[in-house]
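Colleague: here's a sequence, model it:
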Amino acid sequence: MHALRLKTTTSVPVKYLRAECGVRYWDDGSVDGVEDTDGSRIPCRDPKPNDHLGGGTWRPTIDLDSGIIEGWPQGTVASVHYKVCDDGAYELLDAERNVIKRMEGYVPTIMCPEGEGWGDYVIMEIDGAGKIAKWRVDLSEFEEDDDDQ
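Modeller: Down below sits the predicted model:
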């Protein structure tokens, strides 16, 4: 007897994107107009070393509908251009914050609305309300079949 493997697709509502970006270089970022060469000024940073590079991790949680970073300090403005490469984890969460889908490795396109990140960079402008400029939701990289990655 032969067996046929069938895949099914289910549509699941997601509300948040939680990112864990192991930043290699903080040099190209600024907060409130001041260069942030060591990442000490950016909100949502976990200062503990993330790996042998010792850079720390940037951990924003973004509301997908609004493009607003949760817990962003009111009035803080940032320009983010972080080299992350393949040291990241990105999770789509439902409204109850259950993990629906997790990707590890390269930076997904959704994390670079300000320009081409080539899978290596997080590139975004964040206003004083924590809203990411040019925010657009593109979940196509999360929809890829795990066997295709």
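
Colleague: what ranges of the chain fall below the confidence cut-off?
Modeller: For the chain, applying pLDDT under 70 flags the ranges 49-55, 145-149.

Colleague: kindly recompute the last result at 50.
Modeller: 52, 149 (pLDDT under 50).

Colleague: show me the strands in it, by range?
Modeller: Taking DSSP state E as the criterion, the chain carries its strands at 16-22, 30-31, 34-35, 45-46, 57-58, 61-63, 78-83, 88-93, 99-104, 121-126.

Colleague: contact partners for the most centrally placed residue in the chain?
Modeller: With distances taken as C-alpha atoms, centre = their mean, residue 19 lies nearest the centre of the chain, 3.9 Å away. With contact taken as C-beta atoms under 8 Å, 6 or more residues apart in numbering, residue 19 is in contact with 58-62, 88-91, 111, 122. All C-beta atoms are positioned from the backbone trio N, CA, C, and that covers glycine.

Colleague: so which of the strands of the chain gets nearest residue 1?
Modeller: Proximity to residue 1 (C-beta to C-beta) singles out strand 99-104 among these, at 33.7 Å.

Colleague: flag every buried residue along that closest one.
Modeller: Residues residue 103 are the ones in strand 99-104 that count as buried (16 or more other C-beta atoms under 10 Å).

Colleague: list the helices and strands it packs on?
Modeller: The contact analysis (3 or more C-beta pairs under 8 Å, 6 or more residues apart in numbering; DSSP states H and E) places strand 99-104 against strand 88-93, helix 140-143.

Colleague: I am finished for the moment; much appreciated.
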